[in-house]
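J.: any chance you can model this:
(chains A and B)
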There are 2 protein chains.
Amino acid sequence: MSGEGEARPLVLVAGAGALPRIVAEAALAAGRPTRILALRGFAEADLRARAERVVDVLDVATILDQLRAWGACEIVLAGGVSRPSPAALASGVAAWRNRRELAEIFGRGDDHLLRAVIRLLEDEGHRVLGAHEVAPALLPAAGPIGGPSVPPEARATMAVGFACLAALSPFDIGQALVVENARILAVEGPEGTDRMLARVADLDRGRGFMRLLGGAQTKAEGVRVLVKGAKAGQDPRVDLATVGPRTVARAAEAGCRGIAIAAGATLVVDRPSMAAEADRLGIFVVACDPPREDPRA
Amino acid sequence: MSGEGEARPLVLVAGAGALPRIVAEAALAAGRPTRILALRGFAEADLRARAERVVDVLDVATILDQLRAWGACEIVLAGGVSRPSPAALASGVAAWRNRRELAEIFGRGDDHLLRAVIRLLEDEGHRVLGAHEVAPALLPAAGPIGGPSVPPEARATMAVGFACLAALSPFDIGQALVVENARILAVEGPEGTDRMLARVADLDRGRGFMRLLGGAQTKAEGVRVLVKGAKAGQDPRVDLATVGPRTVARAAEAGCRGIAIAAGATLVVDRPSMAAEADRLGIFVVACDPPREDPRA
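T.: Numbers count the residues shown, from 1 in each chain, chains lettered A, B, ... in the order given. Predicted coordinates:
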């Protein structure tokens, strides 16, 4: 943050999940007063209680008016908003006049939507920060995060996963996959990481016969890993992948032995809880520098 | 088929679905006598009724013994076998002695499994044919297959889909995806095309707000297309993607405007029924020569 930035009020636009709370607490710990704009239908109760205003995500006019009233701001957009609740929609759509423009923005995907929001805020004279710029602990450097150490046989599997994400990177698609040995079991789409992991658990139910085969199963199935990666041309203010304690639990249910995230490109929400959950479930969690070479070359 | 091949008996190993019946009928129409080995738990009733033997897919010893008894054969493997039914498993696993080897083959994915089967059959002196070599009508050349003509605005969407499949091609993953404008909504994993399409239909239920936005929706959502492609290094005897009338119905349920398949790399099962279903539902179905250039370049 520049000296000029320090003079601006910090505004947290709070969506769903634990991320907004972590940003608010980091700002508080840094002695930086923060105004909270909580998004109705998304922000959790404690954030709404602390908010100066609770607004509808689709009520763009009210949000912009409020920000203008506070002057030029530094703004952090934190927490999920991609699936408005029916309540948010009913009021939001009613308040919005240019339905065509709104539909066009939404129809082009979350990435485009969030970038359009950033451009809009910058046009208004605000500055948009990434959550990690206010709460640097969210973005771990390369190294172990929790659970057991990475088994040597998992290295090649992780490399295949990162290589596949790199191949997908130019396309508008999720930033995560599940890989088992050299086989990609699932690629994340707009449904998100939790549902992708549920899909992998379903695959296993369909492959019950592997269990019939008994002792040879483990060696044959090898190491299954959830890999979350960076995306070409991503904007770290909105595009970073996110993991947290719940990710560890869901990955364990999907039969994963570990989670590998791209260092500097994945936000870890509540690292102490995530590490504890990883220890409890015996799931390795590691941040990796994205490999430069294709392991298949 | 070479002259030498003509002298060999043709054996159809029949798994699930309509494909084995089509191969059997094409062989009959070509005046080529065919022996059918039906896989218990997979082959449909009429195929089992016509079969010389009904065998368990995991009972490899019995299958190989039967083929040896018939001499050097030309063999077509047709129909799905990737998810043995509990009944097939119970008997199959009991009959198989080297569980470790079996588990290792199964654990490496369907591609590896089928290629291992081909190698095994070739080691035994048999020749393995693709279904399209017996029933050439299964593999359409580039051009329209059914439904309305391709809308011009779908061309770029289809090109993105084929480019993404090309990027995924070196990895062990499905050969299909659903793309809407430039956005990839789903990539097929081991769950298969039907389940992938069901996932896309679920996404829409989560995005009900698009419908609230009314008339602008169509333009904003643009054209959604199911794209099925070729895979680098695929073996056309076992690796070809398959579509049929049911694919059209499922694609329509998933909100697709059309289906684009890679010409020469996708089997069309029951083309007349597929074309009729496409006409009925207004879904375009087209076979395309894989584009050489990346549309994003």
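J.: what about the helices in the stretch 1-150 of chain A?
T.: Remark: helices assigned in the stretch 1-150 of chain A by DSSP state H, counting those that start in this stretch are A:3-7, A:19-29, A:45-50, A:60-69, A:86-95, A:99-107, A:109-123, A:131-134.
J.: which residues in the stretch 101-250 of chain A form strands?
T.: Counting by DSSP state E, counting those that start in this stretch, the segments of the stretch 101-250 of chain A that form strands are A:127-129, A:143-146, A:176-180, A:183-187, A:224-228, A:241-243.
J.: can you put those strands in a markdown table and add mean pLDDT and mean neighbour count?
T.: (Glycine included, C-beta is placed from N, CA and C.) Listed next are the strands of the stretch 101-250 of chain A as a markdown table, based on pLDDT from 0 to 100; neighbours: other CB atoms under 10 Å in any protein chain shown:
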| stretch | mean pLDDT | mean neighbour count |
| --- | --- | --- |
| strand A:127-129 | 93 | 20 |
| strand A:143-146 | 96 | 17 |
| strand A:176-180 | 96 | 27 |
| strand A:183-187 | 94 | 25 |
| strand A:224-228 | 97 | 26 |
| strand A:241-243 | 87 | 22 |
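J.: with distance to B:Gly41 as added columns, please give the ones you listed in JSON lines.
T.: Output for these, formatted as JSON lines (distance: least, CB to CB, whole Å):
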{"stretch": "strand A:127-129", "distance to B:Gly41": "57"}
{"stretch": "strand A:143-146", "distance to B:Gly41": "43"}
{"stretch": "strand A:176-180", "distance to B:Gly41": "25"}
{"stretch": "strand A:183-187", "distance to B:Gly41": "24"}
{"stretch": "strand A:224-228", "distance to B:Gly41": "27"}
{"stretch": "strand A:241-243", "distance to B:Gly41": "40"}
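J.: out of those, which comes closest to B:Asp279?
T.: For the strands of the stretch 101-250 of chain A, proximity to B:Asp279 was assessed by CB to CB; strand A:183-187 is nearest, at 32.5 Å.
J.: report the angle between that closest one and strand A:224-228.
T.: Put simply, strand A:183-187 runs at 50 degrees to strand A:224-228, going by axes from the mean of the first three to the mean of the last three CA atoms, to 10 degrees.
J.: would you pull up how far strand A:183-187 lies from the middle of the chain?
T.: Centroid separation for strand A:183-187 versus its chain: 19 Å, with CA atoms, centre = their mean, to the nearest Å.
J.: now for it, which elements pack on it?
T.: Applying 3 or more CB pairs under 8 Å, 6 or more residues apart in numbering or on different chains; DSSP states H and E, we find strand A:183-187 packed against helix A:154-168, strand A:176-180, helix A:193-206.
J.: for the closest residue to A:Leu37 other than its chain neighbours, what are its contacts?
T.: Excluding the flanking residues, the one nearest A:Leu37 by CB to CB, 6 or more residues apart in numbering or on different chains is A:Val13, at 4.9 Å. When contacts are counted by CB atoms under 8 Å, 6 or more residues apart in numbering or on different chains, A:Val13 touches A:37, A:39, A:63, A:75-78.
J.: for the nearest residue to A:Ile145 once chain neighbours are set aside, list each beta-bridge partner.
T.: The shortest distance from A:Ile145 to any residue other than its chain neighbours is 4.2 Å, reached at A:Val285 (CB to CB, 6+ apart). On the basis of DSSP bridges, A:Val285 is bridged to A:Gly146, A:Ile259.
J.: give me the neighbour count for A:Val285.
T.: By other CB atoms under 10 Å in any protein chain shown, 27 other residues sit near A:Val285.
J.: identify the residues contacting it.
T.: Residues near A:Val285 by CB under 8 Å, 6+ apart: A:144-147, A:243, A:248, A:258-259, A:261, A:274-275, A:278.
J.: go with 7 Å
T.: Counting by CB atoms under 7 Å, 6 or more residues apart in numbering or on different chains, A:Val285 touches A:145-147, A:248, A:258-259, A:274, A:278.
J.: please report the distance of it from B:Glu253.
T.: 38 Å (CB to CB, to the nearest Å).
J.: likewise A:Val268?
T.: 38 Å.
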